[in-house]
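>>> Got a predicted model here, sequence first, then my questions.
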Amino acid sequence: MSDFPDLSQFEALYHQFDGGHGVDHVTRVRKLAVKLAKKYLPEKVHLAYIAATLHDIGLVHGRKDHELNGAKMARESEQLQQLLSKSELAEVADAIANHRASTGKPKTILAKIISDADKVSDNPGEAMRRAVGYGKKHYPDLSIEEQIWRAAVHLKEKFGPEGTGNRTYFPESSRALQKTYGLIIKAVDSNDHSYLKKITQSE
Ligand SMILES: [Fe+2]
Ligand SMILES: [Fe+2]
C-alpha cells in the first residue's frame, strides 16, 4: 500500500505554477487525499495518490479548463496507461476533471476525496499565503496590505456560508474548513487587518 509509483515527471510541473498551486500545494493535497482514502477508500489509496498528484497539472495550459486539460493529460499518459487498468485510469481522470469547487460535480468517492483534499488547508496562515501568492501573480500592482485584504475577502467569499468552497463531502473536511477559514472570515467582518497581516506573515 505504501509503495506508490514514481510520479516525478508530473510533480516537476508544479514548480512553474503560482504560489497557490506550487509544490507545497500538491504535496499537502496528496497527503490529505491519502489520509482520507485510507479511511473511506482503503482498496484504492494508490488511486488517490495518483489523482492528487496530477489534479492541477492542467495548469500548464492556464487556469481556464485546467481540470479538463489535466484529465486529458492523465488519460494520454503512457506511464499511467501501463500502471493502471482502463477503468482505474478513467476513475483517476474523472476525479481530476471534477476537482474544482466551482465546476466540479464529484460523484465517486475518489473524486470527493480529491475535491475535499484540494480545499482543506492546514492553517489560516497557510491559506492566506496561498491566496496572496495567487494575488501577487494575477494582481501584481497591489500593495502588500491590499494583497492581504484581497486574499481574505476572496477566502471569505469562497469558503463562507454562501461560497462554493464550503461544500465538502467528509465530516473531517468541514471541521478543518471551519477551523481554517472561520478566523479569517471573522477578521474580514470586523475589519481586523492586523490579525490578517500577522497570520499571513508568520510561519
Ligand atoms: Fe485546481
Ligand atoms: Fe489544487
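Here it is on my side, so go on. Numbers count the residues shown, from 1 in each chain. Ligands and ions are numbered 1, 2, ... in the order given.
>>> residue ranges for the helices of the protein, please.
With DSSP state H as the criterion, the chain has helices at 8-11, 23-40, 45-54, 66-76, 78-83, 86-97, 109-119, 124-138, 144-159, 171-189, 193-201.
>>> for the longest one, packing partners?
If contacts are counted by 3 or more Cβ pairs under 8 Å, 6 or more residues apart in numbering; DSSP states H and E, helix 171-189 sits against helix 109-119, helix 124-138, helix 144-159, helix 193-201. For the C-beta atoms, the positions are set from N, CA and C on the backbone; glycine is no exception.
>>> And that helix, what's buried?
173-174, 176-177, 180-181, 183-185, 187-188 (16 or more other Cβ atoms under 10 Å).
>>> got it, and the last one?
By neighbour count on 16+ other Cβ under 10 Å, the buried set for helix 193-201 is 195-197, 199-200.
>>> In terms of pLDDT, where does Leu59 sit?
Per-residue pLDDT puts Leu59 at 97.
>>> Enumerate every residue touching His15.
Contact analysis of His15 by Cβ atoms under 8 Å, 6 or more residues apart in numbering lists 22-23.
>>> re earlier: of all the helices and strands packed on helix 171-189, which one is nearest ligand 2?
Ligand 2 sits nearest to helix 109-119 of all the helices and strands packed on helix 171-189, at 4.3 Å, using Cβ to the ion.
>>> That closest one versus helix 144-159: what angle between them?
150 degrees (axes from the mean of the first three to the mean of the last three Cα atoms, to 10 degrees).
>>> Run the angle between helix 109-119 and helix 86-97 for me.
Going by the same axes, to 10 degrees, helix 109-119 makes 30 degrees with helix 86-97.
>>> surely His156 meets Lys186?
Let me fix one detail, which is that residue 156 is Lys and not His. No - with contact defined as Cβ atoms under 8 Å, Lys156 and Lys186 do not form a contacting pair (9.4 Å).
>>> and the residue lying closest to Ser115 once chain neighbours are set aside, what is it in contact with?
Setting aside the residues directly before and after it, Ser115 is nearest to Pro106 in space (Cβ to Cβ, 6 or more residues apart in numbering), at 4.7 Å. Counting by Cβ under 8 Å, 6+ apart, Pro106 touches 95, 98-99, 112, 114-115, 169.
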